[in-house]
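In: dropping the sequence and predicted coords here.
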Amino acid sequence: MIALSCDSAQSHRDWIKDLEGYCSLDGGKFPYPIIADADRTLAVKFGMLDPDELNNEGMPLTARVVYVIGPDHKVKALVAYPATTGRNFNEILRLIDSLQLVAKHNVVTPVDWQSGDKVIVPPTIAEKDLATLYPLGVETKPLPSGKGYLRYTPQPN
């Protein structure tokens with residue numbers, strides 16, 4: 001993990017001292033580096049500015065952006081919150097759990113999915129392959145359209 005901020009390096013050092021004093025950090029030290037981007041070069045390059053939120057000098061604040069980058073060095077997910085809204089780290093961890101699960105198994109995580117919940121079998125999987133690919137069973141939900149594409153299976157390990 002790494003952070004980017006449009007504040008100075010000294011501002012980061014001071015803020016980290018406040019965090020270490022306020023929070024109970026494992027090991028007592030701030031766990032990751034912060035890149036100082038006071039001139040906003042990287043924030044502009046990565047589209048991280050929030051045009052609706054300005055600092056005292058009229059400069060846009062950075063949005064609270066999270067990039068999840070996979071082992072292949074490609075962006076797997078991007079979540080952007082306004083500068084005035086804190087991130088939901090439980091949601092970010094849920095997102096990472098989902099990305100890791102679907103990278104390893106041919107499944108889809110449904111809305112509000114939590115680790116251990118049932119997952120969806122992709123509609124691209126043929127009916128004849130279900131028993132082989134999903135040995136824990138598949139439950140097809142009845143839909144008004146009569147189409148059998150909403151199929152659930154227990155989460156694979």
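Out: Looks like it came in fine.
In: can you give me the strands in this protein?
Out: All strands of the chain, identified by DSSP state E, fall at 3-5, 34-36, 49-54, 60-62, 64-69, 75-81, 119-121, 139-140, 151-153.
In: so which residues make contact with the shortest one?
Out: When you say that, I think you mean strand 139-140. Strand 139-140 has contacts (C-beta atoms under 8 Å, 6 or more residues apart in numbering) with 118, 148, 150, 151, 152, 153. C-beta: built from backbone N, CA, C; applies to glycine.
In: check the third one too.
Out: Strand 49-54 is contacted by residues 40, 43, 60, 61, 62, 63, 82, 83, 84 when judged by C-beta under 8 Å, 6+ apart.
In: could you give me the buried positions within that strand?
Out: The neighbour-count check on strand 49-54 (16 or more other C-beta atoms under 10 Å) flags 49, 50 as buried.
In: what angle sits between it and strand 75-81?
Out: With axes from the mean of the first three to the mean of the last three C-alpha atoms, to 10 degrees defining the directions, strand 49-54 sits at 10 degrees from strand 75-81.
In: would you mind getting the angle between strand 49-54 and strand 64-69?
Out: Going by the same axes, to 10 degrees, strand 49-54 makes 160 degrees with strand 64-69.
In: okay, now the residue lying closest to residue 19 once chain neighbours are set aside: neighbour count?
Out: Computed as C-beta to C-beta, 6 or more residues apart in numbering, the closest residue to residue 19 that is not its neighbour in sequence is residue 30, at 6.2 Å. By other C-beta atoms under 10 Å, 17 other residues sit near residue 30.
In: next: residue 99.
Out: Residue 99: 15 surrounding residues under other C-beta under 10 Å.
In: likewise for residue 73?
Out: 6.
In: pLDDT at the residue lying closest to residue 131 once chain neighbours are set aside, what is it?
Out: Ranked by C-beta to C-beta, 6+ apart and with sequence neighbours excluded, the top spatial neighbour of residue 131 is residue 138, at 8.0 Å. pLDDT recorded at residue 138 is 98.
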